[in-house]
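Asks: I would like the atomic coordinates for the input below:
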Amino acid sequence: MDRPDRPRPFRLLAVLTTAAALAASGISSAARAADADLTRNGGFESGLDGWTCTAGTTVNSPVRSGSSALKATPAGSDNARCTQTVTVKPDSQYTLSGYVRGSYVYLGASGTGTTDVSTWTQSAPDWQQLTTTFRTGPSTTRVTLFTHGWYGTGAYHADDISLVGPGGETGQPPAPPTGLRTGTVTATGVTLSWSPVPGATNYAVYRDGSKVLTAQGTSATVSGLTPSTAYAFQVAAVNDAGESARSATVTATTADAGPGGPSDLPPHALVGYLHASFANGSGYTRLADVPDSWDVIDLAFGEPTSVTSGDIRFDRCPASECPGVESDAEFKAAIKAKQAAGKKVLISIGGQNGQVQLTTTAARDTFVSSVSKIIDEYGLDGLDIDFEGHSLSLNADDTDFKNPRTPVIVNLISALKTLKAKYGDDFVLTMAPETFFVQLGYQYYGTGKWGGQDPRAGAYLPVIHALRDDLTLLHVQDYNSGPIMGLDNQYHSMGGADFHIAMTDMLLTGFPVAGDANNVFPPLRPDQVAIGMPATPNAGNGHVPPGEVTKTLDCLTRKTNCGSYTTHGTWPGLRGLMTWSINWDRFGGWEFQRTFDGYFG
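Replies: Next comes the predicted model:
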């Protein structure tokens, strides 16, 4: 409604003045009307939907508007870059704007087809607007927006990011896939296939309504499932315009894992390393003297003749170094006695000093033959992979954990699959990586998209993933570790239950690798996971007292005593605990063993 004291000529004059200004600038009102904000979720009200971040999350405070904003935390080798690719028109003018807080915060656009642009602020203690403009090239149809901080300078915040200009021709999303059907169904995985969709560039696979992986072709295997469980699957086709409606649903029920789970372990198992080839301050413990509480005994260690030979040797500790050591005959008899009591005895390869790099297929084959010789000579139940240090790292062009290319990774996977095939379903395969090689993969994977990261970051992930259907136990060493970011996007440090809860939750929930929501490491089954802890303060950094061990188990198996970290599930089938080491636990009066026995009975 018009105000009676405001004459209409004033309004007409304003319109004419605006039109004249537009005409003088060479921009028609029709062109301006076609401009739009092309960013998706520029205010981060829908979490990180539309954005790909190496180290970002959304927070409720501080915010510039709405209820959420981006918080991203650079590290020493990562500038916490967040990106979004948008569709634009060729040869068109655009204005990029956003509000930031923090030190050394950047906002920019790349792939413009002309001159890529960025703007930044050295210090913004409160919200500060950054703005820049660019013109697209004559054939440019997609531009990547980005924001980032600077290495090691602390967290920055961003909100209300917009790209204003004419929208590009996005076309239409493809039709939904048809013909979805199941193939091979195992205890832990389901193979799916479907008919191709014209115009689709890839396909999104959904399990029980949640996207679990992206497939380039018309088939995929969804792994990391729980035995004897019904699942519902759908598939959507994807192109640059977006995602189609989902296909019709197919269901499948995974197979039974068999009594006692894989390898007939008890529902809850205690795993420990026995110093069999060396002595230290913990003293030598004869295998026959290991108490019955220990369900899996890892003989430490088999080591290579050289780093790249693949030739593994197991030399028992000599009497001069280990007073009271048993003879070979007594040792082999003790192995048989443990097995008769239902225990598993494995050879553990690697350790702190046993660097193993299978750089060639010849080294791979030597590894298989030499490990087989050890297993056969002592009548062992299987193999534990305890590769540490520089045994595993990723080449710069190796960016997909599902399709590894690095020889040391590919050859190790091949060797372990060969050993599993040779010895059959009863072969026990376990792994004991450090957090650096597994959970750190949530933030960093290999050298990273822009290089400069440690190539060992997340390097165990392709090995675990390729062998998840053959893997009996994964017991990550939750000790001798730096702070690791959990799924709550907070850093967690050793010293209490919180660290073990957060690290284990990541394995049982799954996580995006290097912050890529389209590249998710699927969860492991709870019966495949044990938590690695030092037996005593002497055994390694990160020892926690029995009360913290109990809190950890309470939270993960009962969802009680969880403290500040909120888990993504409850897993009463969690397999158990691993410790370094049986020798150190004996040295400490069997405290770790008694804690396990007291909890699980």
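
Asks: Where does residue 462 sit: helix, strand or coil?
Replies: helix (DSSP: H, G, I helix; E, B strand; the rest coil).

Asks: For it, which residues are in contact?
Replies: With contact taken as CB atoms under 8 Å, 6 or more residues apart in numbering, residue 462 is in contact with 401-402, 404, 409, 413. In short, each C-beta sits where N, CA and C put it, glycine included.

Asks: Apart from its neighbours in sequence, what residue is nearest it?
Replies: The shortest distance from residue 462 to any residue other than its chain neighbours is 3.9 Å, reached at residue 404 (CB to CB, 6 or more residues apart in numbering).

Asks: The one you found and residue 473, how far apart?
Replies: 22 Å (CB to CB, to the nearest Å).

Asks: Comparing these two, which residue is more hemmed in?
Replies: Neighbours were tallied for residue 404 and for residue 473 using other CB atoms under 10 Å; the higher tally belongs to residue 473 (27 against 22).

Asks: Just give me the neighbour total for the nearest residue to that one once chain neighbours are set aside.
Replies: The shortest distance from residue 473 to any non-neighbouring residue, by CB to CB, 6+ apart, is to residue 430 (4.2 Å). By other CB under 10 Å, 24 other residues sit near residue 430.

Asks: what's the distance between residue 430 and residue 462?
Replies: With distances defined as CB to CB, the gap from residue 430 to residue 462 amounts to 17 Å.

Asks: okay, and for the stretch 151-300 of the chain, where does confidence drop off?
Replies: Regions of the stretch 151-300 of the chain meeting the criterion pLDDT under 70 cover residues 170, 257-263.

Asks: Oh, that last question was meant for the chain, not what I typed.
Replies: Counting by pLDDT under 70, the low-confidence segments of the chain come to 1-34, 170, 257-263.

Asks: where do the helices sit along it?
Replies: Assigned helices in the chain, in chain order: 8-25, 29-34, 328-340, 361-378, 407-423, 461-466, 497-509, 546-558, 582-587, 591-600 (criterion: DSSP state H).

Asks: Now the ones you listed in TSV, please, with extra columns for distance to residue 293.
Replies: TSV is the format used below for the helices of the chain (distance: least, CB to CB, whole Å):
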stretch	distance to residue 293
helix 8-25	82
helix 29-34	73
helix 328-340	12
helix 361-378	22
helix 407-423	26
helix 461-466	27
helix 497-509	20
helix 546-558	14
helix 582-587	10
helix 591-600	5
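
Asks: Let me know which of these is the nearest to residue 278.
Replies: For the helices of the chain, the distance to residue 278 is smallest for helix 582-587, at 10.1 Å, taking CB to CB.

Asks: What lies in contact with that closest one?
Replies: Under the criterion CB under 8 Å, 6+ apart, residues 272-275, 280-285, 290, 294, 297, 534-536, 538-539, 579, 591-593 lie in contact with helix 582-587.

Asks: Just those residues: which are in strands?
Replies: When DSSP state E defines the strands, the subset of those inside them is 272-275, 297, 534, 579.

Asks: Of the residues you listed, which is the nearest to residue 331?
Replies: Within the ones in strands among the contacts of helix 582-587, distances to residue 331 taken as CB to CB reach their minimum at residue 274, with 10.7 Å.

Asks: Please tell me how far the closest residue to the closest one other than its chain neighbours sits from residue 588.
Replies: Nearest in space to residue 274, with sequence neighbours left out and distances taken as CB to CB, 6+ apart, is residue 582 at 4.9 Å. Distance, residue 582 to residue 588, using CB to CB: 11 Å.

Asks: who has more neighbours, these two?
Replies: When neighbours are counted by other CB under 10 Å, residue 582 comes out ahead of the other of residue 582 and residue 588, with 29 against 18.

Asks: Please tell me how far that one sits from residue 299.
Replies: Spatial separation of residue 582 from residue 299 under the definition CB to CB is 10 Å.

Asks: How about residue 492?
Replies: For residue 492, the distance to residue 299 under the criterion CB to CB works out to 32 Å.

Asks: ditto for residue 462
Replies: Computed with CB to CB, the distance linking residue 462 and residue 299 is 26 Å.

Asks: residues touching residue 124, list them.
Replies: With CB under 8 Å, 6+ apart as the criterion, the residues that contact residue 124 are 100-103, 105.

Asks: which one is residue 328 nearest to, not counting chain neighbours?
Replies: residue 316 (7.2 Å).

Asks: now swap in residue 112 and tell me
Replies: What sits nearest to residue 112 in space, not counting adjacent residues and going by CB to CB, 6+ apart, is residue 134, at 4.9 Å.

Asks: Do I have it right that that neighbour meets residue 109?
Replies: Yes: contact criterion CB atoms under 8 Å: residue 134 and residue 109 qualify, at 5.8 Å.

Asks: Need the residues touching each of these two.
Replies: Here residue 134 and residue 109 have 94, 96, 116-117 as joint contacts, going by CB under 8 Å, 6+ apart.

Asks: how many other residues sit next to residue 213?
Replies: 18.

Asks: Dig out what it forms beta bridges with.
Replies: Bridge pairing for residue 213 (DSSP bridges) gives the partners residue 205.

Asks: Can you name the residues that contact it?
Replies: When contacts are counted by CB under 8 Å, 6+ apart, residue 213 is found next to 204-205, 220, 222, 520, 522.

Asks: likewise residue 548?
Replies: 496-497, 500.

Asks: try 7 Å
Replies: Taking CB atoms under 7 Å, 6 or more residues apart in numbering, we find residue 548 in contact with 496-497.
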